[in-house]
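>>> sequence below, structure please.
(chains A and B)
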Amino acid sequence: SQQGEEDPQALSIQEGENATMNCSYKTSINNLQWYRQNSGRGLVHLILIRSNEREKHSGRLRVTLDTSKKSSSLLITASRAADTASYFCATDGGGTSYGKLTFGQGTILTVHP
Amino acid sequence: GAGVSQSPSNKVTEKGKDVELRCDPISGHTALYWYRQRLGQGLEFLIYFQGNSAPDKSGLPSDRFSAERTGESVSTLTIQRTQQEDSAVYLCAARDRGTYEQYFGPGTRLTVT
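You can find the predicted model right below:
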């Protein structure tokens, strides 16, 4: 079953603008990860945030996590056409579920040059 | 190899036939996962191998699905008596011990006609 709910389902912006995607989940987590997928395949890990962290940065990416609201957001700053892809959040429940990821439905991002 | 590889990249089969999908994980990565991704959807967890422990099969959708792994290397996912609803991209991922990030293969696109 899909734990994560992502919104928006699709996002269309111009190059140079910022893109924000949101993810909500239902059960407690050990960590939350964001992945990017191009051309229907090839998931690439972007960033991981642990349950005791509130914000994390990696290059043009900024991830926030609010465990009280069971939500996370991914911000891509100064977007580029090459950022066009589907973005998925994935939660890791830890414990006996350690490493077993539950993915959201994804946000399709289109960046127009 | 440097990354996770999967074969075949595409497979078209007739309803009722059996198929076998192969995953070659990153050398030394002890954990291996199989996921299924239907068109326009997020990933669904199928099965998880960790070293010599019993696999976590909790995501397998029916007894037509099975998977094996030889030690910490190659894994095969077998689908017996395929149905049209089995059409999807099947993705394999590997994770190193003590880390959380998963490295995905390019997937096998299965089409059941």
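>>> tell me where chain A has strands.
A:5-7, A:10-14, A:19-24, A:31-38, A:41-50, A:55-58, A:61-66, A:71-76, A:85-92, A:101-103, A:107-112 (DSSP state E).
>>> as a markdown table, those strands with mean pLDDT and mean neighbour count would be great.
To be clear about C-beta, it is placed using only N, CA and C from the backbone, and glycine gets the same treatment. Below are the strands of chain A laid out as a markdown table (pLDDT from 0 to 100; neighbours: other C-beta atoms under 10 Å in any protein chain shown):
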| stretch | mean pLDDT | mean neighbour count |
| --- | --- | --- |
| strand A:5-7 | 83 | 18 |
| strand A:10-14 | 96 | 14 |
| strand A:19-24 | 96 | 20 |
| strand A:31-38 | 94 | 22 |
| strand A:41-50 | 89 | 18 |
| strand A:55-58 | 96 | 12 |
| strand A:61-66 | 98 | 18 |
| strand A:71-76 | 97 | 20 |
| strand A:85-92 | 94 | 24 |
| strand A:101-103 | 90 | 24 |
| strand A:107-112 | 96 | 18 |
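>>> okay, now A:Arg60: neighbour count?
Burial of A:Arg60 is recorded as 14 neighbouring residues (other C-beta atoms under 10 Å in any protein chain shown).
>>> check contacts around the residue nearest to it when sequence neighbours are not counted.
Nearest residue to A:Arg60 in three dimensions, chain neighbours excluded: A:Thr77, at 4.8 Å (C-beta to C-beta, 6 or more residues apart in numbering or on different chains). Residues near A:Thr77 by C-beta atoms under 8 Å, 6 or more residues apart in numbering or on different chains: A:18, A:60-62.
>>> just flag the most distant two among the residues you listed.
Farthest pair in the contacts of A:Thr77 (C-beta to C-beta) is A:Asn18 and A:Leu61. Separation: 11.0 Å.
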